[in-house]
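Asks: I need the structure of the sequence given here:
(one chain, ligands or ions: 3)
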Amino acid sequence: MSREYDDELFSFEDEVLTAEDPHHTPTWRVLIVDDDKDVHQSTGFALANTEVLGRPLEFLHAYSAADAIRILSEQTQIAVILLDVVMESDDAGLQLVRTIRQDLGNSEARIILRTGQPGYAPEMEAIRDYDINDYKTKSELSRNRLYTALTAAIRSYEQIHTINASRRGLGMVIRASSQLLARQGVSEFAAGIITQICGLFGLPPEGVVCAYDQKNSSAQALIVAAAGSLTNCINQHLDALPNTGIADALNQTLRERRNHYGNHSTTLYFPGQNNHDMAAYLQTEKPLSDLDRQLLEVFCSNIIVTLDNVQLLTQLKDHAYNDQLLRIPNRLAFVHALDRALSHQPRSDITLALIDIDGFSELNDALGHQHGDNLLKAVATRLQQQLPAGTLLARVAGDVFGILANTAELSAEFLNNLLRQPLCLEQLQQNLTATIGLASLELIDGSGSDALKAANIALKHGKQHRRGGISHFSRDMEFETRARVRLLQDLRSAFERERLFVVYQPQVRLSDRQLIGVEALLRWRNDDGSFVAPAQFIPLAESSGLIISLGEWVLRSACHNLHIINQHSAQPLRMAVNVSVMQFRQPNFLDVLDRALSESAIDPRLLELEITESVAMLDAGFMIALLNQIKSRGISIAVDDFGTGFSSLSYLEQLNVDRLKIDISFVRQMEQSAGSRRIVETIIQLGQSLQLELIAEGIELESQAQILTAMGCHEGQGYLFAQPLELPILLEHLHSH
Ligand code: C2E
Ligand code: MG
Ligand code: MG
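Replies: Numbering: from 1, shown residues only. Ligands and ions are numbered 1, 2, ... in the order given. Presented below is the predicted three-dimensional model:
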């Protein structure tokens, strides 16, 4: 809270609310102004031991106008002034009234004018303008009359004083509650209530505010804020309070849902949202006056609205900064924490880690979202258990966790061990691996979101090159990523501007080199005529999802052109089209396929889809069913680049494919390396025993073709026979043969 605000509080309290000294019984102060000593004496004598409206009278004495002015400017809360009109001069009394009202600004004190000279009457204007209560000759003021006049004046003073005080008090309450609205969260709000109430009533800050959760009624209310000697009880239950009286009072208030005013304390009740009620205990040392109580009631009803808002804001803030599933900070909170960490110097010893669960989306698809949620919860719990205290753990994306910790704590060994033990999930052991991207804050120039971006670059890099491993962010990586982003933009625009086209590489029967089919291969020609290699842009299209529309376009072009090709060919040729795993995952893939077939009116038996080992990453049941659907249309399936990574042979059999394509790398090294040669032999034998067709790709030399033929491979593709050709050249080629 600002100093300025403190001052405001206490100036208010000095002004109005602490004037009553708690250690003395309150009195009505009456100032007698008269140059005649006898009048002072007789008035005092007449009213000795008299109580008016429950309080004794206290007399102050002034013997001249100057005397009176001094007393009035030094003493506060003078209820009534008994004022002699004629003193130094005939109208000294009236002039004094003017000074009191105008110069001293005292509008509350009630004034009874007295004069010794009957018949001398002040002007009516003076009585009206200066708010004079009564005008009496001294002889008129017998004890009884004096008492009656004084009582009427005191009653009127009290009313005026109360109205003024409560007006100021209300202003204060409104300012206090708007100050409270700015408070962040319930406990700060509660602390604010203590400060405000103590300020309002000039109490020493010895109070407790507690929050109460009725939903869990077996639990005790929690102390969310406390002041003075009780500060150390914050965040504990009520039974932690040294004084059981306070706990009892708070419990009673929460139970009875109303304010309690005691002789030494006051307990206030604030109904909250969703039964999160609050109560505040105040040590008042004396009973509160009616005015104080009225003010408190207004304060409470104001606060209730504010508390509602604070609780709503707290809820909103919770949603904004916390992951609702895992109950840990979310991406936004993580970015803020990074911002804070980056603003501290030095920051070289802080590292940000992103942990991405490998294959999570496949698991989620295969086992259902409920299982996926439980898996994430189990991972979060595991991480929380393993991470050193004080480490920040957040969920920054679907299956990506963020960790912010001292660099020394995030050793490779520590990170590798995090998920080494299987997770226990629904009584099953689940083994998981994760890819981890690290970024040392030392390398970050910008803000928290830049740091997150850097770690993400490392993570992406890891997913491409070192799945299941740890990658450290480096500046080179950043350049590489920028280049990739640029390339992807260029690819998109090339696709839109129809700069992509399909070429067709012939496939032959090895025995007589007869053309039997073609493979459709995508090409990207830059404006300057140079080419971008598919090995460069296809993975990019795959990781960005662009491959879905790109692949569909290749499929339709290939089918369309096969129709043309076959019009120029003596016997029907086959068309092989590469299909990426992303395309298979599209729920409408079969529709896309059917459309390409019906548009082009080709025989589905002439279409072959080339799949790669990465389909093994997809759920087996899903893939087997999909391939069966595809095959039921007459379309055949080839496994591309075979031998480079297809791990499970039984799975291969289940997938029910038609053809294996022996990878280019084995063909190329076959003659130099006995190992490659043996692999080729093995693949051919495997194909034969599974009754699959075989084709070798990348045949550049006659000798390679000979060896493959001798081994029993019947088909081939490669520069020896033909390069990938543009359609018109292929058609020419068909005519010339
Ligand atoms: P791939 O499907 O294994 O295609 C065979 C690659 O080997 C082609 O490279 C082809 O030009 C090249 N090749 C053929 N014969 C020879 C040879 O004798 N010697 C040498 N050194 N290379 C030969 P390309 O066209 O660069 O394509 C590379 C990869 O990009 C393809 O490998 C395929 O995986 C992918 N790709 C190309 N077009 C598409 C497409 O339309 N969709 C998808 N998903 N992937 C495609
Ligand atoms: Mg291929
Ligand atoms: Mg290949």
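Asks: in the stretch 451-600 of the chain, what residue comes closest to ligand 3?
Replies: Closest contact between the stretch 451-600 of the chain and ligand 3, by Cβ to the ion, is at N578 (8.2 Å). The C-beta positions use only the backbone N, C-alpha and C, and glycine is treated the same way.
Asks: show me the contacts for the closest residue to that residue other than its chain neighbours.
Replies: Take N578 and drop its neighbours on the chain: the residue closest to it by Cβ to Cβ, 6 or more residues apart in numbering is E610, 4.7 Å away. Contacts of E610 were listed using Cβ atoms under 8 Å, 6 or more residues apart in numbering, and they are 519, 576-579, 638-640, 661.
Asks: ok, back up a step: close enough to count as contact, the residue of the stretch 451-600 of the chain closest to ligand 3 and Q505?
Replies: No: taking contact to mean Cβ atoms under 8 Å, the distance of 11.3 Å between N578 and Q505 leaves them out of contact.
Asks: hang on, the residue nearest to N578 is in a strand, isn't it?
Replies: Yes: inclusion of E610 in a strand is indicated when DSSP: H, G, I helix; E, B strand; the rest coil is applied.
Asks: how much space between it and E599?
Replies: From E610 over to E599 the distance is 21 Å, taken as Cβ to Cβ, to the nearest Å.
Asks: check I355 too.
Replies: 46 Å.
Asks: just want to know which of the two has more residues nearby.
Replies: I355 (23 against 12; other Cβ atoms under 10 Å).
Asks: the more buried one pairs with what?
Replies: According to DSSP bridges, the partner residues bridging I355 are F401, I436.
Asks: does it touch A397 like I think?
Replies: No: with the criterion set as Cβ under 8 Å, I355 and A397 do not qualify as a contacting pair; they are 10.7 Å apart.
Asks: distance of the closest residue to ligand 1 within the stretch 551-700 of the chain relative to ligand 2?
Replies: Of all residues in the stretch 551-700 of the chain, the one sitting closest to ligand 1 is N578 (3.5 Å; Cβ to the nearest ligand atom). Distance of N578 to ligand 2, given as Cβ to the ion, to the nearest Å: 4 Å.
Asks: what's the neighbour count on F299?
Replies: Residues lying near F299 (other Cβ under 10 Å) number 23.
Asks: how much space separates it from ligand 2?
Replies: Distance from F299 to ligand 2, counting by Cβ to the ion: 78 Å.
Asks: before we move on, back to that, and the residue of the stretch 451-600 of the chain closest to ligand 3, what does it touch?
Replies: For N578, the residues meeting the contact criterion (Cβ under 8 Å, 6+ apart) are 519-522, 551, 554, 610, 640.
Asks: for R556, give me its contacts.
Replies: Residues 595-596, 599-600 are the ones in contact with R556 under the rule Cβ under 8 Å, 6+ apart.
Asks: now do the SS call for it.
Replies: Taking three-state DSSP, the label given to R556 is helix.
Asks: how deep is the closest residue to ligand 1 within the stretch 301-450 of the chain tucked in, by neighbour count?
Replies: Distances from the stretch 301-450 of the chain to ligand 1, computed as Cβ to the nearest ligand atom, single out E362 as the nearest residue at 18.9 Å. Neighbours of E362 under the rule other Cβ under 10 Å: 14.
Asks: surely it and L618 touch.
Replies: Yes: in this structure E362 lies within contact range of L618 using Cβ under 8 Å: 6.6 Å.
Asks: okay, now the domains of this protein?
Replies: 28-166, 182-321, 331-473, 488-736 (automatic domain parsing).
Asks: confirm L521 sits in a helix?
Replies: No: when three-state DSSP is applied, L521 is found to be strand, with no helix at that position.
Asks: near ligand 2, which residues of this protein show up?
Replies: Counting by Cβ under 5 Å from the ion, the residues of the chain close to ligand 2 are 578, 610, 640.
Asks: thinking again about what came up before, what residues are shared contacts of N578 and Q505?
Replies: Residues touching both N578 and Q505 (Cβ under 8 Å, 6+ apart): 519, 521.
Asks: of all the domains of the chain, which has the lowest average per-residue confidence?
Replies: Looking over the domains of the chain, mean pLDDT reaches its minimum on domain 182-321, with a mean of 75.
Asks: that's a strand at A280, yeah?
Replies: Yes: secondary structure of A280 (three-state DSSP): part of a strand.
Asks: tell me how far it lies from ligand 3.
Replies: Separation of A280 from ligand 3 (Cβ to the ion): 75 Å.
Asks: what do you get for D91?
Replies: Per Cβ to the ion, D91 is found 118 Å from ligand 3.
Asks: quick check: closest non-adjacent residue to the spatially most central residue of the chain.
Replies: With distances taken as Cα atoms, centre = their mean, the residue of the chain nearest its centroid is Y321 (2.0 Å). Spatial nearest neighbour of Y321, chain neighbours left out: A333 (4.1 Å); criterion: Cβ to Cβ, 6+ apart.
Asks: element containing the one you found?
Replies: In this structure, A333 is located in helix 331-343 according to DSSP states H and E.
Asks: residues contacting that helix, please?
Replies: 320-322, 329, 347, 350, 352, 392, 394-397, 402, 404, 441, 444, 447-449, 451-452.
Asks: redo that, cut-off 7 Å
Replies: The set of residues that contact helix 331-343 without belonging to it, under Cβ atoms under 7 Å, 6 or more residues apart in numbering, is 320-322, 347, 350, 352, 392, 394, 396-397, 402, 404, 441, 444, 447-449, 451-452.
Asks: these, buried ones only, as a ChimeraX selection?
Replies: To isolate the buried subset of the contacts of helix 331-343 in ChimeraX, counting by 16 or more other Cβ atoms under 10 Å, use the following:
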select :322,347,350,352,392,394,396,402,404,441,444,448,451,452
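Asks: so of the contacts of helix 331-343, which ones are in helices?
Replies: Among the contacts of helix 331-343, DSSP state H puts 320-321, 448-449, 451-452 in helices.
Asks: identify the bridge partners of the residue nearest to N330 when sequence neighbours are not counted.
Replies: The shortest distance from N330 to any residue other than its chain neighbours is 4.5 Å, reached at D323 (Cβ to Cβ, 6+ apart). On the basis of DSSP bridges, D323 is bridged to I328.
Asks: next, count neighbours for D323.
Replies: With other Cβ under 10 Å as criterion, D323 counts 19.
Asks: state the distance from it to ligand 3.
Replies: Counting by Cβ to the ion, the gap from D323 to ligand 3 is 43 Å.
Asks: R395 too?
Replies: 39 Å.
Asks: do the same with L316
Replies: 54 Å.
Asks: helices and strands around the host helix or strand of that residue, which ones?
Replies: Per DSSP H and E, L316 falls inside helix 290-321. With contacts defined as 3 or more Cβ pairs under 7 Å, 6 or more residues apart in numbering; DSSP states H and E, the packing partners of helix 290-321 are helix 143-181, helix 185-201, strand 265-270, helix 331-343.
Asks: for V305, which of those is the nearest?
Replies: For these, the distance to V305 is smallest for helix 143-181, at 7.7 Å, taking Cβ to Cβ.
Asks: can you redo the contacts of R556 as CSV with distance to R678?
Replies: As requested, the contacts of R556 are exported to CSV (distance: Cβ to Cβ, whole Å):
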residue, distance to R678
R595, 44
A596, 39
E599, 45
S600, 42
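Asks: which of those residues fall in strands?
Replies: Filtering the contacts of R556 for membership in strands, criterion DSSP state E, returns an empty set.
Asks: just the buried ones from those?
Replies: 596, 600.
Asks: I637 belongs to a helix?
Replies: No: counting by three-state DSSP, one finds I637 to be strand, located in no helix.
Asks: which strand residues bridge it?
Replies: When assigned by DSSP bridges, I637 has beta-bridge partners L609.
Asks: just checking, it touches V657?
Replies: Yes: the pair formed by I637 and V657 meets the contact definition of Cβ atoms under 7 Å, at 4.4 Å.
Asks: if you count neighbours, what's buried in stretch 570-583?
Replies: Across stretch 570-583, burial judged by 16+ other Cβ under 10 Å covers 573-583.
Asks: farthest pair in these?
Replies: Within the buried residues of stretch 570-583, two members stand farthest from each other by Cβ to Cβ: L573 and M582, at 27.5 Å.
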